[in-house]
Structure formats: structure tokens, C-alpha cells
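Asker: 3D, please:
(2 chains)
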Amino acid sequence: MGVVYRARDLLHEQYADPDPYLAVKMLSEAFDESADASALLYSEFALMRRLHHPNILRPYTFEVDAAQGRAFITMELMRGLTLDQLLCERPLGLPWPELKAIAVPLLDALAYAHSRGVLHGDMKPSNIMLSEEGLRLFDFGLGLAEEGPTQHLPNLNRERLNAWTPGYAAPELLEGGPLSANADVYGVACVLYELASGKHPFRRLPATQARDARLERGLKAPRNLPRRCWPALRMGLAFEPRQRRISAAQLRDALGDVSPWW
Amino acid sequence: MWAVADGMGGHSGGDIASQLIVANLTELPFHQDLDQRSKAVRQCLRWTNRRLSQELTVTDDHPGITGSTVVALLLEGNRGVCIWAGDSRCYLWRGRRLYQLTKDHSLQQQLMDTQQISRDEAGAHPAAKALTRAVGAAPELTLGLLALDVHPGDTFLLCSDGLYQGLGAQALGNALGLASPCKVLEDLFDVVLRGPARDNLTAVVIRA
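Answerer: Numbering: from 1, shown residues only, chains lettered A, B, ... in the order given. From the prediction side, this is the model:
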């Protein structure tokens, strides 16, 4: 839906900035005809602007190219490896110390966003990068604010345009339910399981199909995950939202040795 | 490195898939060692496959089915590596003979291999042109790989099916024997575009 370019800020370059590069995000051409496309992009910018966390990508500005009538966001340019790239390079998963070094900042970023009333809406490996300056969670394009001043901004209307990533969307989202912090937890739990084992927890199936095939019965603790962490991660993978009784902060604490979660 | 990627027809987003492949290959760091470069290209294509088959955000209107062929040629000194998926091809013109280095990942080729039937017989199958492999078409991607010695004057042609379908081996050979790679391309495109040219055409000519 969005397209991101690497760009050079010519003004910064004029002042001899040694690194004048930044990222420019705009909606893809398919949305050119959509009257509220700019408003959606602004809503994404406004959500990100509320979040001040070292592991969440920083937006710079929201602008409209007057000549083209196209809105765009400028952002910090990240250089590094997205988690889907990492998974291709490490098909057997990561050993626990490496996994923990990703899981804790990732869950901390998500828990922080949730504490600010911001939901991500599209947790998946390609929206998380291990950059030169640490982990970054990005792309709040399907996100929304549950509370606070940005909650009344135009958000993606899921009744009009239901968007998801099949392997990581919670079943209730696939069935048209509203986005919730709980749904983000399902997505991040799938990512963490995959990082630990190299395999998607439910054979890459959409959650509704996995649930109907009762795949949770065959779910096994990933070998690289300490046994004490498994109950928490498993709860995050529950298909039934009411059974998914764990927050991103609790999952972070369970994986990060901060406090016993069970 | 040279590459051609041809978005799958009949699927939405084939153009995005082919552009993503080329963009990701362009971003690869340069490795002096050919084996390392070949490994990096295969890794990059597997990652792009994952991006297209598992990581795309989809909507009701855009179910995210997308894919693209790819054929890439890497040359270093007197060695070369060809990597491909789908029915885009790499030809070699050497000593006035034409060699097809790639083997199509198509139903037609599969029928020829498994049922020992001729190209024409297999081509009569209603889905003969269906691809059996492509970047983004399935969660796992198995790439074709061929390593070869390169001779001075070897001429390589990377092309989409739109080009070779409109040409016989004779026409390909006639063009590839021309003096400069630019002339080869001009000639190939002229011949195809004078015919029905039902598909789009992409080609690269490399002379060692």
C-alpha cells in the first residue's frame, strides 16, 4: 500500500551534512484516486509522532508536494536487516541470547506503543529492522489510536478496506473484528516463535485456517526458547482472544527475566 | 551482473514483483569472488520470494497473489554463473552455435521431461505456459543454477518469453552474430515487433 524511497535532502547536503539521506514514504499509485489517501498518511504520521521510544522509527515531517498533490512522510533512514531477511539467512532460528536481544526491545517498543494508546495493526518480520542503531519497529500504516488526541483522526476504516498480512494477523482481524492490543500480541508472538525455531508456528496458514485445523494442539516449544518462557509465548499464540490473556509488557517481562509471569 | 525479471501475467502486482526483484539485486554489495556473489544473489532472491509470498499486506481487493520470473547472469574473468526461476531464458552464442543455458520452469517443460513427449505435443496442453516456479509464487523457491566457462567473444542473451516466442533459433542466431550488442537488440526487437508481438519484451545482450 505504501512505497518507501531513499532520498537525499539537498538543503542538508548544501550545508555539508555528511549523511543527508532520509526515507520518504508515500501511498502507492493505486491510492492516487482515493480522496482520503493524504488523510490516512497524515494519521500514520500523527500516530508515529506520539511515540518517543528508541526502538520505534522516528518520523521527521509530513508534507504535500503541491505540484503533484501527493502527500509524503519523511523519516529516519534505517540501514540494516529486516527480520524477514534475517530469517532467510538463519533458517534454523536464533540461539536464545540473540533471540532475547531482539525479543526484549521489540516487546518493549510494542508495550510502549500500547501504553500510549497506539496499536500497530500489522506486526510481521518485514516491519521490524535490526539497524545499525538498534532494533526499530516501523510502519504504523494500519495502526490506530485507541485513546488520546489522535484517536479522532481519520484511520483506516476496516469496514471499507480490511487489510492484513495472512500469516500474522489474529483470527479476529481476519473475521472482520476490530484491531486491539491483543491482536498485535498474536502477531508479535508468531514473529518470536519463528525467530526461535525458524518455522512459522502454524505452517504459514492464516490464523482462521490454522484454528479450524486445530493446529494449536501440535504446537511445540521451540528448542531455542528456555522452557520457562514457553507458557507466556504460547498464551500469546492463542487463537481465541479471550484465551490470549497476556499483554506485550507481560510477554516482555516473561522473556526478559524481569519477573516471573506465571 | 545482468538480470531480466518478467512479472507474471494474469496476477495483480506482477509489475511490482519484477521491480522489487531488480531493485533488491541492485542493492547487493559487490563481492569480488564469483561464488560469494552467486550465493548473495540466490540469498537475495529467496528473501524477495519471502517478501512476495508471505510478507505482503493484502486487502479484499488485492489478495496479494503475485510473482515474477527472473534470469540473472554473473560474469567474472573466464567464469560465469546463470541463476533463474520461471521461463525467462539465457542463451549463449558461441562459435556460430546457439545454446539455451536455462531450462524453463513451465508445465510444458515438465511434461516433456516426465512424459517424454515432444515440445509441440507438450505445447498443446491448455496450461502449457503455466509456470512451475517463480519468485513469489510459493513459500519455498528452488532456483535453477548453471556454472560455465566463458570464452572471449561469447555473447549472452537474457530475455523474457515475449521475445523468444516470436523468434525461431535461426532468427536468434542471425541477430546474435551481429557486430555490436546494441545492433543485436535492435534486430531482435525489430523482428518481434513486426510480428503479432502479443506479450511485452525485455532483453539484455552481453558480450564477453
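Asker: so where is the stretch 101-250 of chain A shaky, pLDDT-wise?
Answerer: Filtered on pLDDT under 70, the stretch 101-250 of chain A yields the residue ranges A:148-161.
Asker: Which positions in it make contact with chain B?
Answerer: Neighbours of chain B within the stretch 101-250 of chain A, by C-beta under 8 Å from any C-beta of the partner chain: A:122, A:124-126, A:141-142, A:161-167, A:204. To be clear about C-beta, it is placed using only N, CA and C from the backbone, and glycine gets the same treatment.
Asker: hmm, 10 Å instead?
Answerer: Proximity of the stretch 101-250 of chain A to chain B is confined to A:121-122, A:124-127, A:139, A:141-142, A:156, A:160-169, A:200, A:203-204 under the rule C-beta under 10 Å from any C-beta of the partner chain.
Asker: residues from chain B in reach of chain A?
Answerer: So chain B meets chain A at B:12-13, B:16, B:24, B:27, B:43-51, B:53-64, B:139 (C-beta under 10 Å from any C-beta).
Asker: Might you list the low-confidence residue ranges for chain B?
Answerer: Looking at chain B by pLDDT under 70, you get B:10-12, B:63-65.
Asker: So the residue nearest the centre of chain A, which state does it fall into?
Answerer: Nearest residue to the geometric centre of chain A (C-alpha atoms, centre = their mean): residue A:123, 3.4 Å. With DSSP: H, G, I helix; E, B strand; the rest coil as the basis, the three-state label of residue A:123 is coil.
Asker: what's downstream of the strand ranked longest in chain B, the next helix or strand?
Answerer: If you go by DSSP state E, chain B has its longest strand at strand B:68-76. Using DSSP states H and E, the helix or strand that follows strand B:68-76 towards the C-terminus is strand B:79-85.
Asker: tell me the contacts of residue B:124?
Answerer: For residue B:124, the contacting residues are B:108, B:111, B:117-118, by C-beta atoms under 10 Å, 6 or more residues apart in numbering or on different chains.
Asker: any chance of the residues you listed in CSV, with secondary structure too?
Answerer: Listed next are the contacts of residue B:124 as CSV, based on three-state DSSP:
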residue, secondary structure
B:108, helix
B:111, helix
B:117, coil
B:118, coil
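Asker: Generate a ChimeraX selection restricted to the buried entries among those.
Answerer: A single ChimeraX command selects the buried members of the contacts of residue B:124 (16 or more other C-beta atoms under 10 Å in any protein chain shown):
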select /B:108,111
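Asker: Convert the C-alpha atoms of the top helix by length along chain A to CSV, please.
Answerer: Counting by DSSP state H, the longest helix found in chain A is helix A:96-115. What follows is helix A:96-115 as a C-alpha-only set of coordinates in CSV (Å, rounded to 0.1, in the frame of the first residue of the first chain):
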residue,chain,number,x,y,z
TRP,A,96,18.5,-17.8,22.9
PRO,A,97,20.9,-14.9,23.7
GLU,A,98,20.5,-13.5,20.2
LEU,A,99,16.7,-14.1,20.2
LYS,A,100,16.4,-12.4,23.6
ALA,A,101,18.4,-9.4,22.4
ILE,A,102,15.7,-8.9,19.7
ALA,A,103,12.6,-10.0,21.7
VAL,A,104,13.0,-7.7,24.6
PRO,A,105,13.4,-4.4,22.7
LEU,A,106,10.7,-5.4,20.3
LEU,A,107,8.2,-6.2,23.0
ASP,A,108,9.3,-3.1,24.9
ALA,A,109,8.5,-1.0,21.8
LEU,A,110,5.1,-2.6,21.3
ALA,A,111,4.3,-2.4,25.0
TYR,A,112,5.2,1.3,25.0
ALA,A,113,3.0,2.0,21.9
HIS,A,114,0.1,0.2,23.6
SER,A,115,0.7,2.2,26.8
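Asker: how about it: buried residues?
Answerer: Neighbour count says helix A:96-115 has A:96, A:99-100, A:102-114 buried, by 16+ other C-beta under 10 Å.
Asker: same question, stretch B:113-130
Answerer: For stretch B:113-130, by 16+ other C-beta under 10 Å, it's B:122, B:128.
Asker: Show me the residues of chain B next to chain A that map onto helices.
Answerer: Per DSSP H, the residues of chain B next to chain A map to helices at B:16, B:24, B:43-51, B:53-54.
Asker: Make a PyMOL selection of the buried ones in these.
Answerer: Remark: buried members of these, expressed as a PyMOL selection using 16+ other C-beta under 10 Å:
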select buried, chain B and resi 16+24+44+45+46+47+48+49+50+51+53+54
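Asker: Mind telling me the two of the ones in helices among the residues of chain B next to chain A farthest from one another?
Answerer: B:16 and B:43 (20.9 Å; C-beta to C-beta).
Asker: Contact partners for whichever residue of the stretch 101-250 of chain A sits closest to chain B?
Answerer: Nearest to chain B in the stretch 101-250 of chain A, going by C-beta to the nearest C-beta, is residue A:126, at a distance of 4.1 Å. Counting by C-beta under 10 Å, 6+ apart, residue A:126 makes contact with A:82-85, A:87, A:138-139, A:165, A:168, A:191, B:47, B:50-51, B:54-57.
Asker: Tell me which residue lies nearest the centroid of chain B.
Answerer: Closest residue to the average C-alpha location of chain B: residue B:88 at 2.7 Å, with C-alpha atoms, centre = their mean.
Asker: from memory that residue sits against residue B:70, does it?
Answerer: Yes - using C-beta atoms under 10 Å, residue B:88 is in contact with residue B:70, at 6.6 Å.
Asker: Quick check: neighbours shared by those two?
Answerer: Common neighbours of residue B:88 and residue B:70 (C-beta under 10 Å, 6+ apart) are B:3-6, B:18, B:134, B:158.
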